[in-house]
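K.L.:
Sequence plus the predicted model coming up.
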Amino acid sequence: MRRKRKIQKKSSFMKSVWAPLIIGPFLIMALLGIHYFIQKESQSGETDALTFEYPNGEEIKSVIRRVLEDHEVPWDEYRIDYWRVRVPADLPIPSLHLAIKEKIGHLGMRFLLAESEPVSGKVKLHIGCNDSCFLHLDLVKYGERTREQGKIAILIDDFGDRIDDFVKSFSELSVNITVSVLPGRKMSTKVAREMKRLGCEVTLHLPMEPLNSSYDKDDYIIETDMSRTKIRKIIQQSLDEIPGVVGVNNHMGSKVTSHRETITDVLIEIKMRDLYFIDSRTVASTVAYDVAKALGLRCGKRDVFLDVEEGEDSIRNRLWELTRKAKEKGFAIGIGHCQRRTLEVLRDEIPKIQAKGYQFVFLSEVVK
């Protein structure tokens, strides 16, 4: 009975004249809030549409011109909205494709169409935004023309302590890489054979006495007080451990490479075995390269050390310094070390350097 009275009491209240006065304002406030929110969203959308400005055609063309000029790629402007781009033989079309995509992305543009012809290899690109196309590009391989910016030879030192996926990764950089193996290490022979099998050029990283007296002595280091016979024995012992080498470069050696008599004995032995020599230039007073030239030995000298400083930014800067030197004199030699940060920078930057027309070669292709 009590429950029935409560329901009747509630029903009578709802039917009273006070109910509309109490519930009505709440409904009105809710409706006003919904209306305000919808109106605000609508105004916001209109504002965004009004304030966002698409780049004009000339701005897009200017950006693409810079990309093509940066890659030294010629083009013909047949119409206002159609260009024929003549891609040099040494520039992979996908590399240029990605470079253009990155730059137009900063303008809010994209490829409305990107398709290739299997037979000719031509790539068609339509650039625009939404349904508006601003420019048509045809990327076409241009005969045998190459840009010939310069040759770069990368030598990676200090192999011999391990052979694993990390070490093998240097052979997977998709360019010619020369590796230098230390003698007397537990994996020296195996590393030399495996890296050669994987397509790398292999050299002997021959230890030589440094100016610093606190170095580790072993049976493989050449010192300035040694006889020619002793030097010959060390070189032959090192070569026996590291099969298939085509050249030699010094490990440490600031004292030996500055000592004309000792380095002459070393270089004569190298020449007798028809190997080339690379002066790592670990000290400014080195005479190794000059002596090698005087002996008629095929030789070269390091232009840039890639990773003497910590940090990937430093390595990246040194690598691009190497490209500038290659452009200036036709080729350049860079020396790095078997370490992860060097590998990562090479992996990131090599495609960009190739896209600019530089060619990565073995050391044997630049020694003279």
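P.N.:
Perfect, I can see it now.
K.L.:
Contact partners for residue 322?
P.N.:
Shown in contact with residue 322 (CB atoms under 8 Å, 6 or more residues apart in numbering): 152, 303-304, 306, 332, 334. Where C-beta positions appear, they are placed from N, C-alpha and C, glycine not excepted.
K.L.:
what's near enough to touch residue 125?
P.N.:
97, 100, 111, 113-114, 136-139.
K.L.:
List the buried residues for the helix or strand encompassing residue 354?
P.N.:
Element membership of residue 354 [criterion: DSSP states H and E] is helix 340-355. Across helix 340-355, burial judged by 16 or more other CB atoms under 10 Å covers 342-343, 345-346, 349-350, 353-355.
K.L.:
Same list (the residues you listed) but as TSV, adding pLDDT and distance to residue 285.
P.N.:
Output for these, formatted as TSV (pLDDT from 0 to 100; distance: CB to CB, whole Å):
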residue	pLDDT	distance to residue 285
342	97	27
343	97	32
345	97	30
346	97	30
349	94	32
350	93	33
353	90	32
354	86	36
355	78	39
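K.L.:
wait, which of those residues is closest to residue 318?
P.N.:
residue 345 (9.0 Å; CB to CB).
K.L.:
State the distance from the closest one to residue 258.
P.N.:
31 Å (CB to CB, to the nearest Å).
K.L.:
From the buried residues of helix 340-355, pick the one nearest residue 278.
P.N.:
residue 342 (17.5 Å).
K.L.:
And for residue 81, the neighbour number?
P.N.:
16 (other CB atoms under 10 Å).
K.L.:
for residue 93, that is, sorry about that
P.N.:
16.
K.L.:
what about the helices in the stretch 1-150 of the chain?
P.N.:
Taking DSSP state H, counting those that start in this stretch to define them, one finds helices in the stretch 1-150 of the chain at 2-14, 18-51, 57-70, 93-105.
K.L.:
between those, which gets the lowest average pLDDT?
P.N.:
When the helices of the stretch 1-150 of the chain are ranked by mean pLDDT, helix 2-14 comes last with a mean of 49.
K.L.:
And the helices in the stretch 151-300 of the chain?
P.N.:
For the stretch 151-300 of the chain, helices defined by DSSP H, counting those that start in this stretch occupy the ranges 165-168, 188-197, 228-241, 260-272, 288-294.
K.L.:
what about those helices, which gets the closest to residue 174?
P.N.:
Nearest of the helices of the stretch 151-300 of the chain (CB to CB): helix 165-168, 13.6 Å.
K.L.:
Give me the neighbour count for residue 246.
P.N.:
Neighbour number of residue 246 under other CB under 10 Å is 18.
K.L.:
List the residues that contact the closest residue to it other than its chain neighbours.
P.N.:
Using CB to CB, 6 or more residues apart in numbering and skipping the chain neighbours, the partner closest in space to residue 246 is residue 364 (5.7 Å). By CB under 8 Å, 6+ apart, the residues touching residue 364 are 178, 201, 246-247, 276.
K.L.:
Could you identify which of those residues has the most neighbours?
P.N.:
Top of the contacts of residue 364 by neighbour count (other CB under 10 Å): residue 178, with 26 neighbours.
K.L.:
re earlier: output the contacts of residue 364 in TSV; the columns should cover pLDDT and distance to residue 285.
P.N.:
Below are these laid out as TSV (pLDDT from 0 to 100; distance: CB to CB, whole Å):
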residue	pLDDT	distance to residue 285
178	98	26
201	98	29
246	98	28
247	98	23
276	98	22
